[in-house]
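>>> Give me a 3D structure for the following:
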Amino acid sequence: MLVDRDSTRTADPGPPDTPPRGSPAAADARRAAGLVLALVLLAAVCVASVAIGARSMAVGDVWHGLFHYSGTDDDVVVRQLRVPRTVLGLMAGAALGVAGAVMQALTRNPLADPGLLGVNAGAAAAVVSGISFLGVTSTTGYVWFALAGAAAVSVLVYAIGGTRSATPVRLALAGTAVTALLQGWTSAVELTDRVALDRMRFWQVGSLASASMATVRDVAPFLGAGALLAFAAARPLNAIALGDDTARGLGARLTRTRVLAMAAITLLCGTATAACGPIVFVGLMVPHVVRGITGPDMRWILPYAAVLSPVLLLGSDVIGRVVTRPAELQVGIVTAVIGGPVFIALVRRRRMAEL
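Residues are numbered from 1 along each chain as shown. The predicted structure follows:
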């Protein structure tokens, strides 16, 4: 009896190492591929930030300033102005995005931003006090005062919220109250001290124009420490998102995680605010977009936010340098103009409204 061998063959199952579509491994592969694309986009925006500015320059002049520095005017613009500006925008954008993602996870509030717990207000109040009462004028001085103010406010908010019962609602309410108080203090100092008002007017808009490599070196250790704390808190923050009781059942240490997260927010947001001024919508909007790509897992949200937030910040800075040539529109204004309508569109979507 003859047997048709072709009829007895089974379907080819494919390579044995290929994960089934829809499996966690396949989802992680897609997220990893998306992160690579985001990195490519970030690299392109960084190149644009160095090559494009209020002063028109040929590509050859930009290349010469980067790799064959000889002290010409164009070389100085590229090496001493645009490169530090790009590096600081990269660091500050990543810091604001990661801080916003951590804050939204900590408070379980998708509308939370780095100003919710009073960190921005504490930084601003400390800086304006240093300017008015101690004559602080350097960016380095701003950084230290802003960090001190942000740290003090974080401790105060956590104490008001209750060290053992610091629920997301308590922290949000305490942060709102402290923010209102500090904003009143800042306004009072500015109105009574014209010098402080003149200096704070530029800083409060949010700008990368005063960036320098000295500023980058000053803020880098604090931003690095804040990033390490944020990524260390990613897994327990996933547990907290399920609710306090469930998180305890999964072995999460709630108080420790919240202290860790608040320390990360303080370092990241306080330092970025000190270096660039309060820049809005970056830490609020980008985590929303990222969650639509990665889902709720903080282990993926944080890397995506760290990459895509500088894309928004540096892209906005490039736009601000081009649209009003030879003048310049501050990046804080551009992010507000771009971020406002986009964020409204996001929250009007049913998926966002149900969060």
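
>>> What residues of the helix or strand hosting S316 count as buried?
S316 is part of helix 298-323, with elements assigned from DSSP states H and E. By neighbour count on 16 or more other CB atoms under 10 Å, the buried set for helix 298-323 is 298, 300-321. Placement of C-beta: from N, CA and C, glycine included.

>>> got the contact list for the helix or strand hosting A174?
Counting by DSSP H and E, the element that carries A174 is helix 168-192. Identification of contacts with helix 168-192 by CB atoms under 8 Å, 6 or more residues apart in numbering yields 106-109, 112, 115-118, 120-122, 124-125, 128-129, 132, 153, 156-158, 160-162, 196-197, 200, 258.

>>> Mind checking which of those are in strands?
Assignment to strands by DSSP state E places none of these there.

>>> Whichever of those residues end up buried, select them in PyMOL.
A single PyMOL command selects the buried members of the contacts of helix 168-192 (16+ other CB under 10 Å):
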select buried, resi 106+107+108+109+112+115+116+117+118+120+121+122+124+125+128+129+132+153+156+157+158+160+161+196+197+200+258
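
>>> Check the gap between the closest residue to W300 other than its chain neighbours and S210 for me.
Closest residue to W300 apart from its sequence neighbours, by CB to CB, 6 or more residues apart in numbering: T294 at 3.9 Å. Taking CB to CB, to the nearest Å as the measure, T294 falls 34 Å from S210.

>>> And A121, by the same measure?
Separation of A121 from S210 (CB to CB): 22 Å.

>>> on contacts alone, who are the packing partners of the next helix or strand after the helix holding S316?
Sequence-wise, the next helix or strand beyond helix 298-323 is helix 331-348, with elements assigned using DSSP H and E. The criterion is 3 or more CB pairs under 8 Å, 6 or more residues apart in numbering; DSSP states H and E, and the helices and strands that helix 331-348 contacts are helix 282-294, helix 298-323.

>>> Let's see that with 10 Å instead.
In terms of contact count using 3 or more CB pairs under 10 Å, 6 or more residues apart in numbering; DSSP states H and E, helix 331-348 is assigned the packing partners helix 83-107, helix 194-205, helix 282-294, helix 298-323, helix 350-353.

>>> Tell me which of the ones you listed lies nearest to A214.
Nearest to A214, of all the helices and strands packed on helix 331-348, is helix 83-107, at 8.5 Å by CB to CB.

>>> Please tell me how far the closest one is from the chain's geometric centre.
On the basis of CA atoms, centre = their mean, to the nearest Å, the separation between the geometric centre of helix 83-107 and that of its chain is 2 Å.

>>> Low-confidence ranges, the protein, go.
Screening the chain residue by residue with the criterion pLDDT under 70, one finds the ranges 1-22, 111, 115-116, 139, 162-168, 199, 202-203, 346-347, 349-355.

>>> Only the buried residues of the biggest helix by length in the chain, if you could.
Of all the segments of type helix in the chain, defined by DSSP state H, the longest one is helix 24-51. Using 16+ other CB under 10 Å as the burial criterion, the residues of helix 24-51 that qualify are A27, R31, G34, L35, A38, L42, V45, C46, A48, S49, V50, A51.

>>> contacting residues around the helix or strand following that helix?
Remark: after helix 24-51, the chain's next helix or strand is helix 59-67, criterion DSSP H and E. Surrounding helix 59-67, the residues in contact under the criterion CB atoms under 10 Å, 6 or more residues apart in numbering are 47, 50-53, 55, 57-58, 70-83.

>>> Can you check what angle separates helix 59-67 from helix 24-51?
In terms of direction (axes from the mean of the first three to the mean of the last three CA atoms, to 10 degrees), helix 59-67 departs from helix 24-51 by 100 degrees.

>>> got the angle for helix 59-67 vs helix 83-107?
An angle of 80 degrees separates the directions of helix 59-67 and helix 83-107 when computed by the same axes, to 10 degrees.

>>> How far does helix 59-67 sit from its chain's centre?
Using CA atoms, centre = their mean, the distance from the centre of helix 59-67 to the centre of the chain it belongs to is 30 Å.

>>> Please write out the alpha-carbon positions of it in PDB.
Taking Å, rounded to 0.1, in the frame of the first residue of the first chain, the C-alpha atoms of helix 59-67 are listed here in PDB:
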ATOM      1  CA  VAL A  59      26.300  72.300   7.800                       C
ATOM      2  CA  GLY A  60      30.100  72.600   7.200                       C
ATOM      3  CA  ASP A  61      30.400  75.400   9.700                       C
ATOM      4  CA  VAL A  62      28.600  73.300  12.300                       C
ATOM      5  CA  TRP A  63      30.800  70.300  11.600                       C
ATOM      6  CA  HIS A  64      33.900  72.500  11.900                       C
ATOM      7  CA  GLY A  65      32.800  73.900  15.200                       C
ATOM      8  CA  LEU A  66      32.200  70.400  16.600                       C
ATOM      9  CA  PHE A  67      35.400  68.600  15.400                       C
END
